[in-house]
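*Asks:* Pasted the sequence and its predicted model underneath.
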Amino acid sequence: MLHNGRTPPSGPSFGGCNGLVPGSTRRYRHLVAFSFRRVRPAELTPGEIERWRGMQQGNDALRSPYYCPEFSLIVGEQRPDAAVTVIEEAGRVVGFFPFQAGRLGLGHPIGGILSDHHGVITEAGVVVDIRRLLRASRLRRWTFLELDTTQPGLDRYARGSATSPLVDLSDGFDDYVAHQGTQTDFFRRTFAKQRRLERAVGPVRFEARTTSHDVLDQLRTWKSAQYIASGFYDLLAEPWVIGLTDAVATAEAPGFRGMLSALYVGDELIAAHLGMASSSVWHYWLPSYSLDYSRYSPGTILLASMIRHAPTIGLHELDLGTGEDPYKDRVANDAVELVSGSAEPTVAHRTVGRIADRTIEALRRSQSVRGVVRRARDAVGHRPNSAITPGAGRRRRRGGATRSPRHD
């Protein structure tokens with residue numbers, strides 16, 4: 001059920017200089033006493049990383065693995081433009097703002113196109129004046145693509161919205177299936193295909209987590225072929241993306257781990273998925289499969305196996321990410337709203353940004369300058385079309401069987 005019309009859970013906030021969230025009468029600590037310090041992710045001290053981890057794990061609105069410090073640290077190992085602005089009050093750290101600093105001071109989410117959720121990580125009661133934060137971060141603009149609406153005060157910056165479906169497994173797999181009629185049919189059909197595959201070829205085996213580099217290599221090979229066949233840019237040809245997926249696949253830290261999953265028939269790998277998990281959320285990220293077995297829908301069998309297995313390893317939510325893929329409608333029993341837009345530190349920067357947006361849009365429509373458009377998008381942090389299955393939900397209202405939203 002969409003998190004609409006309800007008081008959002010406590011989360012990091014954006015507001016004005018007066019320390020009030022727009023539309024609220026609650027007084028937050030005044031930002032005049034705050035200081036900001038921009039560093040590389042690798043320059044964070046062990047104490048600061050632990051402080052970040054404590055803020056993230058203590059706030060349900062930040063439960064996605066994207067908000068874990070480890071994700072930003074991994075990106076920092078691969079991207080020289082990765083940065084973190086540390087927010088302090090009287091010498092005590094009260095927040096972190098991870099981002100990528102592109103050309104001309106144009107900021108993007110940490111992880112760029114691979115970032116499905118991003119924002120400011122703060123302790124409760126801290127309101128962030130986005131304009132001061134951007135100036136301190138030496139950014140002329142920060143573009144956000146999938147920002148959670150539980151961060152109040154962002155209406156003035158949001159220009160688009162998206163719905164991110166998710167699978168809520170808080171009460172276990174059996175309860176999830178029992179209360180969702182469409183899901184019951186989905187799993188019945190999917191596991192029937194699995195039985196047919198077993199009769200025709202051999203036993204099917206699901207491995208929830210492996211660190212096998214062979215599995216990762218095969219997954220990337222399948223995914224690259226999928227991108228190329230679909231006419232999309234092959235992100236996995238980028239050296240930094242290869243390095244990032246290598247690191248995520250083997251990551252293991254308190255409250256964060258890489259989740260490289262595999263599906264076999266006999267000893268043959270037929271589907272794989274690379275994702276991440278926090279202490280409670282499994283993020284669905286990069287799936288692919290062997291076309292030789294497409295008649296049996298191995299990717300769907302893998303997804304169904306992940307959903308069934310998640311509660312057994314303490315993961316109570318599968319975040320499917322934004323996108324129009326029909327399978328998400330078939331399995332989702334909840335959703336979260338996200339917004340996209342950009343923020344600038346001054347009115348002048350905002351005006352220049354809008355002119356740049358209109359110029360890029362005009363170029364995009366010109367069939368003769370596609371190469372220019374691609375470079376312009378890269379420069380301002382626009383997300384190109386991608387076959388990646390992206391997409392953290394925030395805690396939301398539950399109650400019996402709920403219909404997942406359509407993604408038309």
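*Replies:* Perfect, I can see it now.
*Asks:* Phi first, then psi, for the residue positioned nearest the centre of the chain.
*Replies:* Centroid check for the chain by C-alpha atoms, centre = their mean gives D116 as the closest residue, at 2.4 Å. Note on D116: its backbone torsions stand at phi -90, psi -20 [degrees, to the nearest 10].
*Asks:* Need the per-residue pLDDT for it.
*Replies:* With respect to pLDDT, D116 scores 92.
*Asks:* for V128, same thing?
*Replies:* Value for V128, per-residue pLDDT: 79.
*Asks:* That one: neighbouring residues, count only.
*Replies:* Residues near V128, counting by other C-beta atoms under 10 Å, number 25. Where C-beta positions appear, they are placed from N, C-alpha and C, glycine not excepted.
*Asks:* Then S115?
*Replies:* Neighbours of S115 (other C-beta under 10 Å): 22.
*Asks:* That one and M276: what is the separation?
*Replies:* 11 Å (C-beta to C-beta, to the nearest Å).
*Asks:* Ok, A83 next?
*Replies:* 21 Å.
*Asks:* ok, back up a step: what touches both of S115 and M276?
*Replies:* Common contacts of S115 and M276 (C-beta atoms under 8 Å, 6 or more residues apart in numbering): Y66.
*Asks:* and Q180, what pLDDT?
*Replies:* Looking at Q180, its pLDDT reads 74.
*Asks:* that older thread, the residue nearest to the centre of the chain and T322 touch, don't they?
*Replies:* Yes - D116 lies in contact with T322 (C-beta atoms under 8 Å); the separation is 7.3 Å.
*Asks:* how about stretch 204-223: buried residues?
*Replies:* In terms of neighbour count (16 or more other C-beta atoms under 10 Å), stretch 204-223 has its buried residues at 204, 206-210, 215-216, 218-220, 222-223.
*Asks:* what's the farthest-apart pair in these?
*Replies:* Taking C-beta to C-beta, the two most distant members of these are V204 and R220; they sit 22.6 Å apart.
*Asks:* before we move on, back to that, now do the residue nearest to the centre of the chain against I301, distance only.
*Replies:* From D116 to I301 the distance is 24 Å (C-beta to C-beta).
*Asks:* How about Y293: what's its closest non-neighbour residue?
*Replies:* Spatially, and ignoring its direct neighbours in sequence, Y293 is nearest to I270 (4.8 Å; C-beta to C-beta, 6 or more residues apart in numbering).
*Asks:* Neighbouring strands - and their directions - for the host helix or strand of that neighbour?
*Replies:* Following DSSP states H and E, the helix or strand that holds I270 is strand 268-277. The pairing partners recorded for strand 268-277 under DSSP bridges are strand 256-265 (antiparallel), strand 281-289 (antiparallel).
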